[in-house]
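[1] Dropping a prediction and its sequence here:
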Amino acid sequence: MEYLPDYYRKDLLVLGVGNPLFGDDGYGPAVAEELNRRGRVPSFAAVLDVGTGVREILFDLILSPQRPSEVVIVDALDCGRQPGEVFTVKIDEVPKIKSHDFSLHLAPSLNLLKELRDNAGISVTIIAAQPEPIPEIVTAEMSELTQKAVDETANYIETVFFGHK
């Protein structure tokens, strides 16, 4: 098992999902960056910015002989809430994503998340923030409300999942 990436051996894997070139869609990667910047990720956990490549990681986890017992997905998700609102959502409650909605990268991954939960026995949590509308032009700038959500989410993960007070 020397060939497995280190994060497969961790008990907890936090995946920041999204495209930082589309405004608030960069929320997930920004949370991963903030958690790693703080330098308080415990030895039993790994935090990765997976961009829009979450499907590859999830598929590899399904096939891996060793995997974490818990996966946390952090992503911008349009659920009709107030912009910047942070919430958790169950896999089965993720709304059907339409082509004009924000998180196109999460929709194809739902079956993989269900597979991890149902057949691999991995606990899966999705932490989302309600994005502002997608910008007309490519921009790495997140809205002020979503930037606040990044800090709120990082604090939440440190408290609930890392055990920091």
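    Noted; the coordinates are in hand. Numbering: from 1, shown residues only.
[2] How many residues are close by Val72?
    23 (other C-beta atoms under 10 Å). Placement of C-beta: from N, CA and C, glycine included.
[3] Run through who's touching the host helix or strand of it.
    According to DSSP states H and E, Val72 maps onto strand 70-76. The contact list for strand 70-76 (C-beta atoms under 8 Å, 6 or more residues apart in numbering) reads 11-18, 24-28, 31-32, 54, 58, 61, 102-103, 105-106, 109, 113, 116, 122-131, 146, 153, 157, 161.
[4] pretty sure Ser64 contacts Leu4?
    Yes. Ser64 is within contact range of Leu4, at 6.5 Å (criterion: C-beta atoms under 8 Å).
[5] Spell out, range by range, the helices that occur in the protein.
    Assigned by DSSP state H, the helices in the chain fall at 27-38, 54-63, 110-119, 144-160.
[6] Over the last one, what's the mean pLDDT, rounded is fine.
    Put plainly, it is helix 144-160. For helix 144-160, mean pLDDT rounds to 97.
[7] Check which helices and strands that helix sits against.
    helix 27-38, strand 70-76, strand 86-89, strand 123-129 (3 or more C-beta pairs under 8 Å, 6 or more residues apart in numbering; DSSP states H and E).
[8] chain center to that helix: distance?
    12 Å (C-alpha atoms, centre = their mean, to the nearest Å).
[9] Tell me which residues of that helix come out buried.
    By neighbour count on 16 or more other C-beta atoms under 10 Å, the buried set for helix 144-160 is 145-147, 149-150, 152-154, 156-158.
[10] try the first one
    Taking 16+ other C-beta under 10 Å as the basis for neighbour counts, the residues of helix 27-38 that come out buried are 27-36.
[11] Report the distance from it to the chain centre.
    10 Å.
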